[in-house]
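Enquirer: got a predicted structure here, sequence first:
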Amino acid sequence: MPLTPGLLYLAASVACSVSVAVMLKLARRWQVDVRQAIAMNYAVAALLCWAVLRPDPARLLAPQTPWFVLAALGVLLPSVFLAMAAALRHAGIVRSDAAQRLSLFIPLLAAFLLFGEPVSGRKLAAILLAFCALFCLLRQPQRAPGAAAPADGRAMWLWPLAVWVGYGVIDILFKQVARTGTAFAGGLLLAFLMAGALMLAYLLWRRVRWQARHVAAGVALGLANFGNILTYVRAHQSLPEHPALVFASMNMGVITLGTLVGALAFREPLTRLNILGIALALSAIVLMTPW
């Protein structure tokens, strides 16, 4: 079976994921209101989800639809998006993207602790490596004696930690949606609609003045965000016999490309401990992958 189409989808998914991070990173420099951009992003993503994935309207209102879980997603999705924007501003692309990808170990931990999945030595070692990686990535460099603490010192580790926890919980909630039998496209559409409605209500309550450049940024953000989801799904569909390849390539690709973009394009400083954390994160993903 030729791997070329699947690998192209994977490359597109990695590029879209890092593009979202770059746009959020540049928002402050371009004087873009992230709140308006995120709200518009969900409107675009919902429209594309409806047009491309074609969810069945009859199944959207089925009795088994997990409205409580979807409502939780509606709150968490925009909240974590805002946390990601703050993490990118204070901690940079390298740490933020790595923290987001390491969040995949939270559902694994939940499977052991909450859902009774058997613990294996390999998975336990992967979780341990992931926690070590997170520690190395969030560890602040030691200050010289007498040097003042940086103004955003706490934010440099607090926001990436929020991203890690937030995306991990979102992953658990999406898995719960799948367990109820809700179709992926329908669940995704409802989550996007609820997240967009919440952001819109917040902006109306704050009486935010809408501006074209913020809306345009949101359109670009929505295209990249949905593009990431769509190409990742298409990669799995194109490589049905290689789920491990898709899983590992996506997560390792985002961490690697995010590191290159952050270090080369944005000159983000990395300590030796941070570099060790990136290496440990990649090792944890390889160890967790069911080859």
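Expert: Okay, I see it. Residues are numbered from 1 along each chain as shown.
Enquirer: where does pLDDT dip in the stretch 101-250 of the chain?
Expert: Scanning the stretch 101-250 of the chain for pLDDT under 70 picks out the ranges 140-152.
Enquirer: ranges for the helices of it?
Expert: 105-113, 121-138, 153-179, 184-205, 212-238, 243-260 (DSSP state H, counting those that start in this stretch).
Enquirer: tell me which of the ones you listed lies nearest to Leu26.
Expert: For Leu26, the closest of these is helix 212-238, at 9.1 Å, according to CB to CB. The C-beta positions use only the backbone N, C-alpha and C, and glycine is treated the same way.
Enquirer: centre of the chain to that closest one, how far?
Expert: From the chain centre to the centre of helix 212-238 is a distance of 12 Å (CA atoms, centre = their mean, to the nearest Å).
Enquirer: thinking again about what came up before, could I get the helices of the stretch 101-250 of the chain as JSON lines with distance to Ala51?
Expert: Shown next, in JSON lines, are the helices of the stretch 101-250 of the chain (distance: least, CB to CB, whole Å):
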{"stretch": "helix 105-113", "distance to Ala51": "29"}
{"stretch": "helix 121-138", "distance to Ala51": "37"}
{"stretch": "helix 153-179", "distance to Ala51": "21"}
{"stretch": "helix 184-205", "distance to Ala51": "10"}
{"stretch": "helix 212-238", "distance to Ala51": "10"}
{"stretch": "helix 243-260", "distance to Ala51": "24"}
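Enquirer: of the ones you listed, which is nearest Met288?
Expert: With CB to CB as the criterion, Met288 lies closest to helix 121-138 of the helices of the stretch 101-250 of the chain, at 3.9 Å.
Enquirer: buried sites along the closest one?
Expert: Buried residues in helix 121-138, counted by 16 or more other CB atoms under 10 Å: 123, 126-127, 129-130, 132-134, 136-138.
Enquirer: looking at those, spot the one nearest Ala110.
Expert: Ile127 (11.0 Å).
Enquirer: residue contacts, the closest one?
Expert: Applying CB atoms under 8 Å, 6 or more residues apart in numbering, we find Ile127 in contact with 105, 108-109, 284.
Enquirer: if we use 10 Å, what do you get?
Expert: 105-106, 108-109, 112, 119, 284, 287-288 (CB atoms under 10 Å, 6 or more residues apart in numbering).
Enquirer: same deal with Val32?
Expert: 23-24, 26, 85, 211, 213-218, 220-221.
Enquirer: quick one: Val75 from Tyr232, how far?
Expert: From Val75 across to Tyr232, the span is 23 Å (CB to CB, to the nearest Å).
Enquirer: ok, Ile229 to Ala12 distance?
Expert: For Ile229, the distance to Ala12 (CB to CB) stands at 11 Å.
Enquirer: one step back: of the contacts of Val32, grab the buried ones for ChimeraX.
Expert: A single ChimeraX command selects the buried members of those (16+ other CB under 10 Å):
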select :23,24,85,214,215,217,218,220,221
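Enquirer: list just the nearest of the contacts of Val32 to Leu47.
Expert: Nearest to Leu47 among the contacts of Val32, counting by CB to CB, is Gly218 at 12.0 Å.
Enquirer: count of neighbours near His236?
Expert: By the criterion of other CB atoms under 10 Å, His236 has 17 neighbours.
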